[in-house]
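> Fold the following and give me the result.
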Amino acid sequence: TNISSTASLSSCFTSCYSLRTAPSFSTVTSPSTMAGMFSNCFSLIDAGTLAATNTVTLNSTFQNCYSLVSAPALDRLICSDLTVTFQNCWSLRNIGNIYCVAASASFGGANAAFSGCSSLKTAPYIRLPSTAGANLNGNNMFTNCFNLTSIPAYDLSNIANFGSFFSGCVSLVAVPPMNIPLATNLNSTFSGCRALKSIGTITTSTTCTSLNSTFLNCQSLQNAPVITNTSAVTDMTSTFQNCGVLINVPALSLGAVTTFVNCFNTCSALATAPNITMSASSSLTSTASMFSSCYALSTVPNYTFSWAAAGTTTLSMFQSCTSLQVAPTIGGIENVITTGSMYNACSSLRESPAYNLNKCTNASSMYASCIVLQQAPALTNTANITTVGGMFSGCGSLTNLPAYNLNGVSSAANYNSFVLNCGNLARSTVANVRFSHSYINCKLGNVQLDEIYTNLPTIVSQTITVTNNWGTATDNPAIATAKGWTVTG
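As a prediction, this is how the structure comes out:
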């Protein structure tokens, strides 16, 4: 077909649902756009030949061509836009070389260019713009290319957006080094790449502010790549979550980070946590579930974090780290408000630092089910804690509780199960508990029970339960009843 004077082929065959073979356009010399030319041609198998001597927009040219197996040769034209060009071409297996305009200012981007090409095994060579001028969008470029196993080394220096770039590429095994100085974030870039084993160095700059879910569910990745220039990164949410065989993470310098939520959650083979440095001007708000379910984790360096003024939490930070024996020092923890479940179900934990809980209001289940912990840590400045429910529940080896001042606990419900199932507890010097609570089924003698009664404040109508402690036969509950308490047991 000779249409050498045609300026636009935009939407020429759009939604020709039954079209199977397209005509060849071998002598096209002047079209500026082929946008949407064959989009929604669901039955198209053969797209013929496309050629042009000028730059051409290929925005959505073959979008939703579900049956297209081979893309036409595009190396005889210069592309000015690859946005959703081959999106959802489910059957597409072969794509030739693609040459784009040199100046990024003249390029429309490559957003979702090959997204959903689930049969594509090898990514095409693409000469992306190499001259600066505009920051380009590469979000979702190869998302859900389920059979993609390898990619060439692209010049990505003018791409700014890498969100979900390779997300869902479940067969991708290796990625070459990436020089991405304009990247603003790497959110979900490799998320769900469960076969990925090797990633070259990722060179960013201080424009990159987020690594949210970057390697989420990369279940074959053993060695995390080096990522340079991370000083401006604020978001580390789920960065390595569910990387089940990850064993090595390089040191991280994160001067501006505000959240580590789920950062290494369920990295079940990780035995040594990475060194992390932060700027003193950072405002960290959360390490919630940061290392939760890292079952092999046994070595954690002492961290110094710079916390925000409000809304801070270490909730479940090391929950179910079943190999962790010694808890790390957490510098700045005196500014944390919630420490609930921080070491819950750390079944090998035998030692914890004397954390300063100056601002903490919620310490519920902080050490629950730490079954080999014998000596509770000498936590300081506990008077502001309002909730300690289940704090040492299930600590079956616990023998001694230090003199925590729990005057701030605000109700009996917030003290519930504080030492439930602590069958070896032989002494508690906890003081100023103002509401009903229980030491049922412990190993408290008469002297230790009288000590507990002595440390009770004077109140009106509360109950302390001491059933099934061997010292109840000779203790002196009058010490407690004189202060308004009812002693049960």
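> So residue 364 is in contact with residue 344, correct?
No: Residue 364 lies out of contact with residue 344 (Cβ atoms under 8 Å); the separation is 9.4 Å. All C-beta atoms are positioned from the backbone trio N, CA, C, and that covers glycine.
> what are the phi and psi angles of residue 478?
Backbone torsions for residue 478, taken as degrees, to the nearest 10, come to phi -60, psi -20.
> Over to residue 472?
phi -70, psi -20.
> can you check residue 333 too?
Phi and psi for residue 333, reported as degrees, to the nearest 10, are phi -60, psi -20.
> pretty sure it is touching residue 314, no?
Yes: contact criterion Cβ under 8 Å: residue 333 and residue 314 qualify, at 7.1 Å.
> between the two, what contacts are shared?
Residues touching both residue 333 and residue 314 by Cβ atoms under 8 Å, 6 or more residues apart in numbering: residue 339.
> out of those two, which sits in the more crowded spot?
Higher neighbour count among residue 333 and residue 314: residue 314, with 28 against 23, using other Cβ atoms under 10 Å.
> Might you report the residue contacts of that one?
The neighbourhood of residue 314, defined by Cβ under 8 Å, 6+ apart, consists of 286, 287, 288, 290, 330, 333, 336, 338, 339, 342.
> State the pLDDT value of the second one.
Residue 287 carries a pLDDT value of 97.
> do the fourth one as well
In this prediction, residue 290 carries a pLDDT score of 98.
> and it, how far is that from residue 86?
Using Cβ to Cβ, to the nearest Å, residue 290 is found at 39 Å from residue 86.
> about what we covered before: and which of the contacts of residue 314 is nearest to residue 193?
Ranked by distance to residue 193 (Cβ to Cβ), the contacts of residue 314 are led by residue 290 at 22.0 Å.
> hang on, the closest one packs against residue 262?
Yes: in this structure, residue 290 is within contact of residue 262 by Cβ under 8 Å, at 7.1 Å.
> So residue 190: helix, strand or coil?
Under DSSP: H, G, I helix; E, B strand; the rest coil, the three-state class of residue 190 is coil.
> and stretch 74-91, how far out from the chain's middle?
Centroid displacement of stretch 74-91 relative to its chain, using Cα atoms, centre = their mean, to the nearest Å, is 32 Å.
> Keeping just the C-alphas, turn that stretch into CSV.
Coordinates of each C-alpha in stretch 74-91 appear next as CSV, following Å, rounded to 0.1, in the frame of the first residue of the first chain:
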residue,chain,number,x,y,z
LEU,A,74,10.2,-1.1,13.3
ASP,A,75,13.9,-0.4,12.7
ARG,A,76,13.1,1.7,9.6
LEU,A,77,11.4,4.4,11.6
ILE,A,78,12.3,6.7,14.5
CYS,A,79,9.9,6.5,17.4
SER,A,80,8.8,9.6,19.4
ASP,A,81,6.4,7.8,21.8
LEU,A,82,6.3,4.2,23.1
THR,A,83,3.5,4.7,25.6
VAL,A,84,1.4,1.4,25.8
THR,A,85,2.6,0.5,22.3
PHE,A,86,2.3,-3.2,22.8
GLN,A,87,0.3,-3.3,26.0
ASN,A,88,-1.6,-6.6,26.5
CYS,A,89,-0.3,-8.2,23.3
TRP,A,90,-0.6,-11.6,25.1
SER,A,91,0.7,-13.7,22.3
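> Now that stretch: average pLDDT?
The pLDDT scores in stretch 74-91 average 89.
> Could you check that stretch and say which residues are buried?
Neighbour-count burial for stretch 74-91, counted by 16 or more other Cβ atoms under 10 Å, picks out 74, 77-91.
> re earlier: rebuild the contacts of residue 314 as CSV, extending it with secondary structure.
Formatted as CSV, these follow (three-state DSSP):
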residue, secondary structure
286, strand
287, coil
288, coil
290, coil
330, strand
333, helix
336, coil
338, strand
339, coil
342, coil
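> May I see those organised as TSV, with distance to residue 454 added?
Converted to TSV, these look like this (distance: Cβ to Cβ, whole Å):
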residue	distance to residue 454
286	40
287	38
288	38
290	40
330	33
333	31
336	32
338	31
339	28
342	30
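> This completes my enquiry, with thanks.
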